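**Q** here is the input, now give the coordinates:
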Amino acid sequence: MGYDALFEPITIGDVEIKNRIAMAPMNMVYSNPEGYNSEQWLAWYAARAKGGFGLIITDCVVVNPYYWRASDHVNPHLFTDERHGRGLGMLADQIHAFGAKTFIQLSPGFGRQGHASSASPHEPIAAPSAIPIKIDLRNFSKGWMRQMKRLSPELAEAAGALEALKQMSDEQYAELESSLIDFVRQTDPELLKVVYGEVPRELEIAEIVYLEEKMAEMSFEALRYGFDGVEIHSPHGYLIHQFLSNRSNKRTDEYGGSLENRARFLLNIIRKTRERIGPDRVLGARFSGDELMPDGATNEEMREFVAMAANAGLSYVDVSQGCYENPGAFAPDGEAEMLKYAPGFKEASGGLPVVTPTFMTPGTASAAISEGKTDMVSLGRQATADPFWPAKVKAGREKDIVKCIRCNLCYMNLFEHKWLRCEVNPTAGFEKYLPELWRLNAPDIKKKVDKFMKRAEGLF
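**A** Numbering: from 1, shown residues only. Here you go, the predicted structure:
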């Protein structure tokens, strides 16, 4: 079966991409503790660029220099000034050297989905409103339940089967939840911080304006350091999404209330960034198609936000779903679940290119493009399981693809604060030990290195 649609070039803004296959933004926690680039990050991205992905959207890179950014618990890339910029510039060069384009995903912080920094444990996290998150176990998927059983068999047994959980009424679940909290507090109190978030303080307007300007500044700097485009991190419950959602935004000032007010933070970021980078450079944003939580942002509202954002100056739209409070939607068990939002987002944006994730098989991915349901497909956990997915598809080696089993080990490692690994890919997290992924072995660079070293023969 042919998959020609996957390998057609596409132009987004001023960037031409060689195919329609992107790597979705994922934080694999491979930065060093201060948020700087690492050799592992370079090799991780080299593997996916070498594996044939036309576009790589980086992990979420946080531009907020203050500890109330609430992101340090997952050790993300930071980009607060040129000290981080030097390493990020090397990352852009690395991806280019192995044959892919790259958009950097920039974020102002995690808000209520984060935790206080260990460097400043008494400084509370900050968000639009003082509302903590609380994960409802009824929103777990099979992959999350599998990790719960691995992490705490006793808790999984106490919670019961997933199917039984999903059938519980609010009253029944509240009764179970009370006993589960006592159980977790006795057996594994660290788990409580994952399920029940900290109460954030409300951001002041001056801080919000600062973040708008910081996002614009660092977007300009990212392009100067060599990235092909910028993606604004505004999906699945993180800080910008928290402003969009009535569930997490109860402000009564100009940043809360109406749809226009709740969109103000995002729209100001887009406008200020456009002023800095000009009209042609790539500036995208990622949105949840639906928050899928009571009083959360609905698909209808998200389409309105997309329309506003497109009018403010977006180049493309990236799709997501859910939030931390609904982890089963955030990381679904199946394939192409988020595709249902792409046509609506494309229409709302006035026809901007749309990137859609959660694909695993080339047939489903190719059909989505051929049928006009999305302009690009992106692979997240599947790109972790097999970095060479695009090259294998192009070579007709579909049977050699290592399929993601949706076990969510990679996700749970993140929340366990462990080095992220993959159940089916033993090289994940250890790519830096593979010589073929070292910078000097990138195709064009290796030719220059060989020529240079030839002129030194006999000297050693």
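**Q** can you pull the contacts of Arg271?
**A** Applying Cβ atoms under 8 Å, 6 or more residues apart in numbering to Arg271 gives the contacts 312-313. Quick note: C-beta positions are derived from backbone N, CA and C, even for glycine.
**Q** that one in helix, strand or coil?
**A** Under DSSP: H, G, I helix; E, B strand; the rest coil, the three-state class of Arg271 is helix.
**Q** now Lys250
**A** Following three-state DSSP, we place Lys250 in the coil state.
**Q** pretty sure it is in contact with Ile131, am I right?
**A** Yes: Lys250 sits in contact with Ile131 when judged by Cβ atoms under 8 Å, with a separation of 6.8 Å.
**Q** neighbour count winner among those two?
**A** More neighbours sit around Ile131 than around the other of Lys250 and Ile131, counting by other Cβ atoms under 10 Å; the figures are 18 against 13.
**Q** not counting its neighbours along the chain, what's nearest that one?
**A** Ser248 (5.5 Å; Cβ to Cβ, 6 or more residues apart in numbering).
**Q** leaving out sequence neighbours, find the closest residue to Tyr255.
**A** With Cβ to Cβ, 6+ apart as the measure, Arg264 is the residue that lies nearest to Tyr255, at 5.4 Å, once sequence neighbours are left out.
**Q** next up, phi/psi of Gly284, please.
**A** Geometry field for Gly284 lists phi and psi as phi -110, psi 180, criterion degrees, to the nearest 10.
**Q** run a quick neighbour tally on it.
**A** Number of residues near Gly284 (other Cβ under 10 Å) recorded here: 24.
**Q** wait, doesn't it sit right on Val230?
**A** Yes: the pair Gly284 / Val230 is scored as a contact, 7.3 Å apart, by Cβ under 8 Å.
**Q** hey, where'd the helices end up in the stretch 251-400 of the chain?
**A** 259-262, 264-277, 299-312, 327-330, 342-348, 362-370, 381-385, 389-394 (DSSP state H, counting those that start in this stretch).
**Q** could you dump those helices to CSV with distance to Asp290?
**A** Supplementary listing: the helices of the stretch 251-400 of the chain in CSV, determined by distance: least, Cβ to Cβ, whole Å:
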stretch, distance to Asp290
helix 259-262, 15
helix 264-277, 17
helix 299-312, 4
helix 327-330, 8
helix 342-348, 10
helix 362-370, 19
helix 381-385, 20
helix 389-394, 27
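**Q** among the ones you listed, which is the most enclosed?
**A** Here the criterion is mean neighbour count by mean count of other Cβ atoms under 10 Å, and of the helices of the stretch 251-400 of the chain the winner is helix 381-385, at a mean of 24.
**Q** rounded mean pLDDT for it, please.
**A** Confidence over helix 381-385, taken as the mean pLDDT, stands at 98.
**Q** going forward, begin numbering at 22 instead of 1
**A** Got it, the first residue is 22 from now on, which makes the last one we talked about helix 402-406.
**Q** distance-wise, check Glu219 relative to Met433.
**A** Note on Glu219: its distance to Met433, by Cβ to Cβ, to the nearest Å, is 20 Å.
**Q** wait, I meant Val50
**A** Counting by Cβ to Cβ, the gap from Val50 to Met433 is 12 Å.
**Q** cool, Phe100 as well?
**A** Distance check for Phe100 against Met433: by Cβ to Cβ, it reads 27 Å.
**Q** more crowded one of the two?
**A** When Phe100 and Met433 are compared on other Cβ under 10 Å, the one with more neighbours turns out to be Phe100, at 27 against 21.
**Q** report the contact partners of the spatially closest residue to the more buried one that is not a sequence neighbour.
**A** The shortest distance from Phe100 to any residue other than its chain neighbours is 4.9 Å, reached at Val82 (Cβ to Cβ, 6+ apart). Applying Cβ under 8 Å, 6+ apart, we find Val82 in contact with 97-100, 109, 125-128, 243.
**Q** the longest helix anywhere in the chain versus helix 285-298: what angle between them?
**A** When secondary structure is assigned using DSSP state H, the longest helix within the chain turns out to be helix 226-245. Helix 226-245 and helix 285-298 are oriented at 40 degrees to each other (axes from the mean of the first three to the mean of the last three Cα atoms, to 10 degrees).
**Q** what's the local residue count around the closest residue to Lys367 other than its chain neighbours?
**A** Nearest in space to Lys367, with sequence neighbours left out and distances taken as Cβ to Cβ, 6+ apart, is Val375 at 4.8 Å. Neighbour count for Val375, taken as other Cβ under 10 Å: 24.
**Q** likewise Asp311?
**A** The criterion is other Cβ under 10 Å. On that basis, Asp311 has 23 neighbouring residues.
**Q** try the one 4 residues further on
**A** For Pro315, the count of nearby residues is 9 (other Cβ under 10 Å).
**Q** how about the contacts made by it?
**A** Under the contact definition (Cβ under 8 Å, 6+ apart), the residues listed for Pro315 are Arg268.
**Q** so what's it scoring on pLDDT?
**A** 95.
**Q** alpha carbons only: can I get stretch 115-128 in PDB?
**A** Output of stretch 115-128 as PDB, limited to C-alpha atoms (Å, rounded to 0.1, in the frame of the first residue of the first chain):
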ATOM      1  CA  GLN A 115      21.700  19.500  15.400                       C
ATOM      2  CA  ILE A 116      18.200  18.900  14.100                       C
ATOM      3  CA  HIS A 117      19.000  20.700  10.800                       C
ATOM      4  CA  ALA A 118      22.200  18.700  10.400                       C
ATOM      5  CA  PHE A 119      20.200  15.500  10.500                       C
ATOM      6  CA  GLY A 120      17.700  16.700   7.900                       C
ATOM      7  CA  ALA A 121      14.600  18.200   9.600                       C
ATOM      8  CA  LYS A 122      13.000  21.600  10.200                       C
ATOM      9  CA  THR A 123      12.300  22.600  13.800                       C
ATOM     10  CA  PHE A 124       9.800  24.800  15.600                       C
ATOM     11  CA  ILE A 125      10.500  25.600  19.300                       C
ATOM     12  CA  GLN A 126       7.500  25.400  21.700                       C
ATOM     13  CA  LEU A 127       7.700  28.300  24.200                       C
ATOM     14  CA  SER A 128       5.700  28.500  27.400                       C
END
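**Q** the residue lying closest to Ile253 once chain neighbours are set aside pairs with what?
**A** The spatial neighbour of Ile253 that comes closest, neighbours along the chain excluded (Cβ to Cβ, 6+ apart), is Ala306 at 4.0 Å. The residues listed as beta-bridge partners of Ala306 by DSSP bridges are Ile253, Val338.
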